[in-house]
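Chemist: With the input below, show me the fold.
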Amino acid sequence: MALPNRGGGGGRFNPRFNRQPEPEHRINERIRVPQVRLVGDNVTVGVYPTEEARRIARDLELDLVEISPNADPPVCKAIDYKKFLYEKKRKEKDMKANAKQSEVKEIRFTPGTDDHDFDFKAKHAEKFLKDGNKVKAYVQFKGRAIMFKERGELVLLKFAERLAEVGQPEALPKLEGKRMLLMLTPKTSKKKKETAE
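Modeler: Predicted coordinates:
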């Protein structure tokens, strides 16, 4: 009986081990288009033959990195590629760390929640949203209180309206079993966006 051929037959058995990971961007000699738009610090922005753009980057002791391959001509930047990747990874790590910190905070109401209790809970929810957490507000119906589900819906809509400046509902209130739920996500303020840019 012939044994299966485990030799170098195209690496069918485990192609993962044969493949070199492709770099995220085309850099230096991997850029094979005839001309590129060159951007970056200390360069004269413009369209250059690729070879000349590479030479300019080399003279600055930088890499030529293709950042917009679909542009016409593709846009390339003269940068230190290792440093660029390091910065990119660091930003992604920071974003993940910030994302992990956000939690879902629960706020519970009943169909008969009074104004004082409502205000107290709305203030808590406002703080949660400002801290970047989601708020899951729900009205709990006990026994025959389910007959007052419209009242529960009104409580949640009033709650969403109260928090409109800091949070936005993901959807309209919905009934799940003996609970009516409303999920609010934090609104990113304009100031935050500006500082991020």
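
Chemist: what about the strands in the protein?
Modeler: Secondary structure of the chain (DSSP state E): strands at 35-39, 46-49, 63-68, 75-79, 104-109, 134-140, 167-169, 174-176, 179-186.

Chemist: Next, count neighbours for Glu51.
Modeler: 11 (other Cβ atoms under 10 Å). To be clear about C-beta, it is placed using only N, CA and C from the backbone, and glycine gets the same treatment.

Chemist: Same check on the one 3 residues further on?
Modeler: Applying other Cβ under 10 Å, we find 21 residues neighbouring Arg54.

Chemist: Not counting its neighbours along the chain, what's nearest it?
Modeler: In space, and not counting its chain neighbours, Arg54 is closest to Leu64: 5.0 Å by Cβ to Cβ, 6 or more residues apart in numbering.

Chemist: cool, Lys121 as well?
Modeler: Ile107 (5.1 Å).

Chemist: From Val135, how far off is that neighbour?
Modeler: 6 Å (Cβ to Cβ, to the nearest Å).

Chemist: Find the residue closest to Lys142 in space, skipping its chain neighbours.
Modeler: That would be Lys178: by Cβ to Cβ, 6+ apart, it lies 7.2 Å from Lys142.

Chemist: shouldn't the one you found be in contact with Arg144?
Modeler: No: Lys178 is not in contact with Arg144 according to Cβ atoms under 8 Å; the separation is 10.9 Å.

Chemist: what about these two, which has more around it?
Modeler: Lys178 (14 against 7).

Chemist: Please give the number of neighbouring residues around the closest residue to Val36 other than its chain neighbours.
Modeler: Taking Cβ to Cβ, 6+ apart, and ignoring the residues beside it in sequence, Val36 has Cys76 as its nearest neighbour in space, at 4.3 Å. Counted with other Cβ under 10 Å, the neighbours of Cys76 add up to 31.

Chemist: Just the pLDDT at Cys76, thanks.
Modeler: The per-residue pLDDT reported for Cys76 equals 95.

Chemist: And the helices in this structure?
Modeler: Taking DSSP state H as the criterion, the chain contains helices spanning 15-18, 50-59, 81-101, 115-130, 149-162, 190-196.

Chemist: which stretch among those helices comes nearest Val139?
Modeler: Ranking those by distance to Val139, with Cβ to Cβ as the measure, places helix 149-162 first at 3.5 Å.

Chemist: so where's this structure uncertain?
Modeler: 1-23, 98-102, 145-146, 189-197 (pLDDT under 70).

Chemist: I'd guessed the residue nearest to Arg54 sits against Arg30; true?
Modeler: No: at 9.5 Å, Leu64 does not count as touching Arg30 under the criterion of Cβ under 8 Å.
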